[in-house]
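Asks: Give me a 3D structure for the following:
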Amino acid sequence: MPQKNSEKSKKEDVKTIVNQLFTNYLIQHEQRKTPERYAILKKVYSLKGHFDIDKLHELMKDDFRVSRATIYNTLELLLDCDLIIKHHFNTDSVQYEKAYNNIHHHLICKNCGIIKEFSDEQIKKTMRSKPLGGFQVANFSMYAYGLCTKCSKALKKKAINKSN
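Replies: The predicted structure is shown next:
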């Protein structure tokens, strides 16, 4: 039971930190601190995994009514202050996810489009220790494209059936 309280405490700490980072950003850039913007931030940091604007808009309806334009504009602010990451996987839609304290990588199936996340300490260490020509890394993610196990098996089975 203490572990659940510890996890809850960590999540609350992250929410407090990102809230403060966002507030600082808004003040520094002379942007308004609206309840809608903070509601969007709160919802984003309650989500697990990737989301698009449509999904976020739908989820926001339960808590706080905001327009798609407000969501879009707030996501742009969150991108600017490095609180979310924008992904262009091999789909037409843009996906987002929270960025603060959320370093991981993506395995993307070229056949079915499934996206699996993984984390590797060696990759993290390398990125932190390598000088990158004076480039200051805010966050990073690696994308590996290939075939998931399910698609790989299905394609092998299809090849075997064709050869028979």
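Asks: CA atoms for contacts and neighbours, from now on please.
Replies: Noted.
Asks: Show the pLDDT at the residue positioned nearest the centre of the chain.
Replies: A centroid search over the chain (Cα atoms, centre = their mean) returns Glu97, at 1.8 Å, as the residue closest to the centre. We have a pLDDT of 91 for Glu97.
Asks: so it touches Ser46, yeah?
Replies: No - between Glu97 and Ser46 there is no contact under Cα atoms under 8 Å: 10.6 Å.
Asks: quick one: the strands in this structure?
Replies: 84-87, 95-98, 105-109, 115-118, 143-146 (DSSP state E).
Asks: Can you list the buried residues in the longest one?
Replies: Along strand 105-109, the positions that meet the burial threshold by neighbour count (16 or more other Cα atoms under 10 Å) are His105, His106, Leu107, Ile108, Cys109.
Asks: And the residue nearest to the residue nearest to the centre of the chain when sequence neighbours are not counted, how far from Phe135?
Replies: Counting by Cα to Cα, 6 or more residues apart in numbering, Glu97 lies nearest to His50, which is 4.9 Å off, once chain neighbours are set aside. Distance, His50 to Phe135, using Cα to Cα, to the nearest Å: 27 Å.
Asks: Also Glu117?
Replies: Using Cα to Cα, one obtains 25 Å as the distance from Glu117 to Phe135.
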